[in-house]
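Chemist: For reference, the sequence and a predicted model appear below.
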Amino acid sequence: MNQYQYEVGDIVKLKKQHPCGSNEWEILRVGADFRLKCTGCSHQIMIARRVVEKNTKNLQKKIVK
């Protein structure tokens, strides 16, 4: 199982799509629960950490300028 280091600002790609068609989410809050924002329609959700870890397909780290 892949171990990712989740941080605020990262983009996580999940296995299932959001109804808008996007499957990429921006991480807004990290903890026991994650707050994610859909990159397609800007809808925000709170989801348990274990669900995010189980369904993560890919993780893009935020770009530091």
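Modeler: Nice, thanks for sending it over.
Chemist: Just say helix, strand or coil for the residue nearest the centre of the chain.
Modeler: Residue closest to the mean C-alpha point of the chain, counted by CA atoms, centre = their mean, is residue 12 at 3.7 Å. Here residue 12 is strand, with the state taken from DSSP: H, G, I helix; E, B strand; the rest coil.
Chemist: Enumerate the strands of this structure by residue range, in sequence order.
Modeler: Assignment of strands within the chain using DSSP state E yields the ranges 11-14, 24-29, 33-38, 44-48, 56-60.
Chemist: Output the ones you listed as CSV; include the columns distance to residue 3.
Modeler: Quick note: C-beta positions are derived from backbone N, CA and C, even for glycine. As requested, these are exported to CSV (distance: least, CB to CB, whole Å):
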stretch, distance to residue 3
strand 11-14, 14
strand 24-29, 16
strand 33-38, 16
strand 44-48, 17
strand 56-60, 10
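Chemist: Compare the ones you listed and report which one is nearest to residue 4.
Modeler: Smallest distance to residue 4 across the strands of the chain (CB to CB): 4.6 Å, for strand 56-60.
Chemist: got the contact list for the closest one?
Modeler: For strand 56-60, the external contacting residues (CB atoms under 8 Å, 6 or more residues apart in numbering) are 2, 4, 6, 10-15, 23.
Chemist: Pull out the buried positions in it.
Modeler: Going by neighbour count (16 or more other CB atoms under 10 Å), the buried part of strand 56-60 is residue 56.
Chemist: Noted, bye for now.
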